[in-house]
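*Asks:* just to be clear, the model below is a prediction. Sequence and coordinates:
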Amino acid sequence: MTKAQRKILVTTALPYANGSLHLGHVIEAVQADIWVRFQRLCGHACHFVSADDTHGTPVMLRAEQEGKTPEQLIAEVHRDHAADLKAFHIDFDNFHTTHAPENRDLTYDTYRRLQAAGKIKSKVIEQLYDPVRNMFLPDRFVKGQCPKCAAKDQYGDNCEVCGATYVPSELIAPYSVVSGAAPVMKPSEHYFFGLSECAPFLSDWVHGCNAVDGGPRLQAAAANKMKEWLGGGLKDWDISRDAPYFGFEIPGTVGKYFYVWLDAPIGYMASFKHFADAAGIDFDEYWAADSTTELYHFIGKDILYFHALFWPATLHAAGFRLPNAVFTHGFLTVNGQKMSKSRGTFITARQYLDHFDPEHLRYYFATKLNGNIEDIDLNYGDLASRVNSDLIGKYINIASRSFGFIGKYFDGQLGAPGAGDRQWLDKVRFGDSWDGADAPARADRVIADLYARREYSKAMREIFQLVDIANFFINQEKPWELAKLPQSRARLHEVCSTAVNMFRVLTIYLKPVLPALARNVEALLQIEALLWRDAQTDMAAGHGIGEFRRLMERVDLKEAQPPAVPAAA
Ligand SMILES: [Zn+2]
């Protein structure tokens, strides 16, 4: 990590505006939010934006079903999404919508740039048409058998079984999801982005490295997937759809709309623009081709294709900057099963929030997340035991066993750690093996590096080793015994002041994961918002702290019924 302040822009994938957020959205938002909060804690300018992805046929049809306009539907969904994300403490600078003037302008601008670069072609293609509903059937509204592996009930754009991508007309035995009718072929003029010509560029891009830290632009598994796609040859990308369609009409055409996947990632730029204009930040500094700022996208593995192929190719051809890296995560499973409504393993963000503390889930996800593209499993029993035994039983226990004595015997004023206590405080700060050197193995640096590489589960393990040292110190000094002996008051003051300082350091290390708890600790300690570098200093003797109150409730699975969880297998 450089000492200079970095300028960073981070995005999460845009949730689609036709339904509630579920815990699969939440895990991505939490993963990105921890990373963003860590960067900000280190003093970097880290902007964080997302938006609802509002366009396309599913929103149009859902609005129709509910007797609303698409604009009404997306406004309602946006309110719910924003409230859910806020409840999980996701600290976006802007959670925007793709149905916004900034996105229209940027989409048109991008399209004009692509035209000027000779990357837009038009041709008449035959497409599946629903003769009952009188509409062309977009990829997700025609199903059939995969042309490659013959798996049944696959969508028209890609196969969830073998991962093949294709056009809907290649499906075997297709049917319309809208009416069930067998579609007919009908010609229509479409606009294409010349993706096939971008293969050499993409091949270079994926093999290059992130200029900031020399790390890869894609994780190994994602880069391998890219190699596979590039090896199979790229086809030009159809970026237009026929009316009826909810989206942006293509300039210079009648009844042709931009495919939602063209304007959705441009929504990253639009959300940032909306924020940047209001905040007085220069949009071009972040998006011009020669930008020296950093750009990272957090996404799920299901949309890697769009973010590793279409998006960099579009940005490059249109003369914008490219992402430094795309951080892909796996799926969230529940009790080892894929989230699914029919299996009862589908949990909405709101269902969780109605029963449990959002920070419990943030912590639980942190104990499981890493930098790889692995699926993460949610198990409520496991969550309860990690929260109750780690967070409450170990970390918060440090405060429970020290703060009260400071209030009771010392008028809420901290003392100085004793001479022999200093080494224990330093062990909590810098690790058990720290020998006084300015070494990279110092715990604060190790933990910072793990956060930066999204190795949160390893970071939590490192931090809880330090928590164990603090508890060892307290168990050895036994403040509850010292409190019984009036002649040991001075020693009690030293021990409890040391423990409070230990707790403050550990709170800094946990702050990216537990922002609300950290705010409560800051209020309790009567201090300014803690920064990463504050872990190297102590609170002054004589500093007054507030009266101790409970910082977090235990998870009681008997009292709060976990939402939508099937009987354990
Ligand atoms: Zn297949």
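*Replies:* Great, that's in hand.
*Asks:* I figured His55 was touching Thr97, is that so?
*Replies:* No. With contact defined as Cβ atoms under 8 Å, His55 and Thr97 do not form a contacting pair (9.9 Å). Quick note: C-beta positions are derived from backbone N, CA and C, even for glycine.
*Asks:* for the two, indicate the residue with more neighbours.
*Replies:* His55 (31 against 25; other Cβ atoms under 10 Å).
*Asks:* wait, Asp277 touches Phe283, no?
*Replies:* Yes. Taking Cβ under 8 Å as the definition, Asp277 is a contact partner of Phe283 at 7.3 Å.
*Asks:* which one's more surrounded, the two?
*Replies:* Between Asp277 and Phe283, Phe283 has the larger neighbour count (other Cβ under 10 Å), namely 16 against 12.
*Asks:* now do the more buried one, the pLDDT please.
*Replies:* Model confidence at Phe283, given as pLDDT, is 98.
*Asks:* pull the contacting residues for it.
*Replies:* Met269, Phe272, Lys273, Ala276, Asp277 (Cβ atoms under 8 Å, 6 or more residues apart in numbering).
*Asks:* now, of the residues you listed, which are buried?
*Replies:* Met269, Phe272, Lys273, Ala276 (16 or more other Cβ atoms under 10 Å).
*Asks:* tell me which of the residues you listed fall in helices.
*Replies:* Residues from the buried ones among the contacts of Phe283 lying in helices, with DSSP state H as the criterion: Met269, Phe272, Lys273, Ala276.
*Asks:* out of the residues you listed, which is nearest to the ion?
*Replies:* Nearest to the ion among these: Met269, at 33.5 Å, using Cβ to the ion.
*Asks:* pretty sure the closest one contacts Leu106?
*Replies:* Yes. Applying Cβ under 8 Å, one finds Met269 in contact with Leu106, separated by 5.2 Å.
*Asks:* tally up the residues packed near Arg461, please.
*Replies:* 13.
*Asks:* and what of Gly412?
*Replies:* Neighbours of Gly412 (other Cβ under 10 Å): 16.
*Asks:* which residues does it contact?
*Replies:* Gly412 touches Ile406, Gly544, Ile545, Gly546, Glu547, counting by Cβ under 8 Å, 6+ apart.
*Asks:* pLDDT score assigned to the residue in the stretch 201-350 of the chain that the ion sits nearest to?
*Replies:* Nearest to the ion in the stretch 201-350 of the chain, going by Cβ to the ion, is Gly232, at a distance of 13.4 Å. Here, the pLDDT recorded for Gly232 equals 92.
*Asks:* and for Gly344?
*Replies:* Looking at Gly344, the pLDDT reads 72.
*Asks:* next: Lys273.
*Replies:* The model reports Lys273 with a pLDDT of 98.
*Asks:* and if you look at Val565?
*Replies:* pLDDT, Val565: 51.
*Asks:* where along the stretch 451-569 of the chain do the helices fall?
*Replies:* With DSSP state H, counting those that start in this stretch as the criterion, the stretch 451-569 of the chain has helices at 456-477, 479-482, 489-510, 515-525.
*Asks:* quick one: closest of these to the ion.
*Replies:* Per Cβ to the ion, nearest to the ion of these: helix 456-477, 32.9 Å.
*Asks:* scan the contacts of Gly412 and report the most crowded one.
*Replies:* Ile406 (25 neighbours).
*Asks:* now it: closest residue in space that isn't a chain neighbour?
*Replies:* Leaving aside its sequence neighbours, Ile406 sits nearest to Cys496 (Cβ to Cβ, 6 or more residues apart in numbering; 5.3 Å).
*Asks:* distance check, that neighbour against Phe473.
*Replies:* 11 Å (Cβ to Cβ, to the nearest Å).
*Asks:* look at the two and report which has more neighbours.
*Replies:* Taking other Cβ under 10 Å, Cys496 and Phe473 do not tie; Cys496 has more neighbours (28 against 20).
*Asks:* for this structure, which residues are neighbours of the ion?
*Replies:* Residues of the chain lying close to the ion by Cβ under 5 Å from the ion are Cys146, Lys148, Cys149, Ala151, Cys159, Val161, Cys162, Ala164.
*Asks:* mark which of the residues you listed are buried, thanks.
*Replies:* Buried among the residues of the chain next to the ion (16+ other Cβ under 10 Å): Cys146, Cys159, Ala164.
*Asks:* dump the residues you listed to a markdown table, plus distance to Ile34.
*Replies:* Listed next are these as a markdown table, based on distance: Cβ to Cβ, whole Å:
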| residue | distance to Ile34 |
| --- | --- |
| Cys146 | 37 |
| Cys159 | 33 |
| Ala164 | 34 |
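*Asks:* for Asp421, state which of those residues is nearest.
*Replies:* Lowest distance from Asp421 to those (Cβ to Cβ) belongs to Cys159, with 62.4 Å.
*Asks:* which ones are touching the residue lying farthest from the centre of the chain?
*Replies:* In the chain, Gln487 marks the outermost C-alpha relative to the chain mean, sitting 53.3 Å out by Cα atoms, centre = their mean. Shown in contact with Gln487 (Cβ under 8 Å, 6+ apart): no residues.
*Asks:* measure it to Glu494 for me?
*Replies:* On the measure of Cβ to Cβ, Gln487 and Glu494 end up 14 Å apart.
*Asks:* got it, and Ser179?
*Replies:* Taking Cβ to Cβ, one finds Ser179 at 78 Å from Glu494.
*Asks:* residues near the closest residue to Ile239 other than its chain neighbours, how many?
*Replies:* In space, and not counting its chain neighbours, Ile239 is closest to Leu262: 4.6 Å by Cβ to Cβ, 6+ apart. Neighbourhood size, Leu262 [other Cβ under 10 Å]: 27.
*Asks:* tell me the buried residues in stretch 237-248?
*Replies:* For stretch 237-248, by 16+ other Cβ under 10 Å, it's Trp237, Asp238, Ile239, Ser240, Arg241, Asp242, Tyr245, Phe246, Gly247, Phe248.
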